[in-house]
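*Asks:* Below: sequence and its predicted model.
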Amino acid sequence: MSELSQEEIAEIKDHFDFFDKDGSGLIDLDEFCQLLKILAPEASHDNAIRGFETIDVDHNQQIDFEEFLDWWKMNWTVF
């Protein structure tokens, strides 16, 4: 997979900021559930919890932008 351009990263950051409803710079479980309803409407709440726990690599119950970016690159970037 090729590296993302600065423009692509900025676009992904816009997506992150859209779902960071409280403006904390982090996505919590509730915000992630809202994100997943849009990206994968068929996903269950259990799927959302498992996905959240997978993305939250430092296990602090929040997804920061770097974690989000890594996840986005693995799952949503067109190769």
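*Replies:* Sure thing, it's come through.
*Asks:* For the rest of this, base every contact and every neighbour count on C-alpha atoms.
*Replies:* OK.
*Asks:* pLDDT wise, what is the most centrally placed residue in the chain at?
*Replies:* Residue closest to the mean C-alpha point of the chain, counted by C-alpha atoms, centre = their mean, is residue 68 at 4.0 Å. For residue 68, the pLDDT comes out at 95.
*Asks:* ok, and the closest non-adjacent residue to it?
*Replies:* residue 55 (6.9 Å; C-alpha to C-alpha, 6 or more residues apart in numbering).
*Asks:* any idea how far that neighbour lies from residue 7?
*Replies:* 23 Å (C-alpha to C-alpha, to the nearest Å).
*Asks:* of these two, who's got more company?
*Replies:* Each of residue 55 and residue 7 has its neighbours counted (other C-alpha atoms under 10 Å); residue 55 has more, 21 against 9.
*Asks:* Who are the contact partners of that one?
*Replies:* Counting by C-alpha atoms under 8 Å, 6 or more residues apart in numbering, residue 55 touches 63, 67-68, 71.
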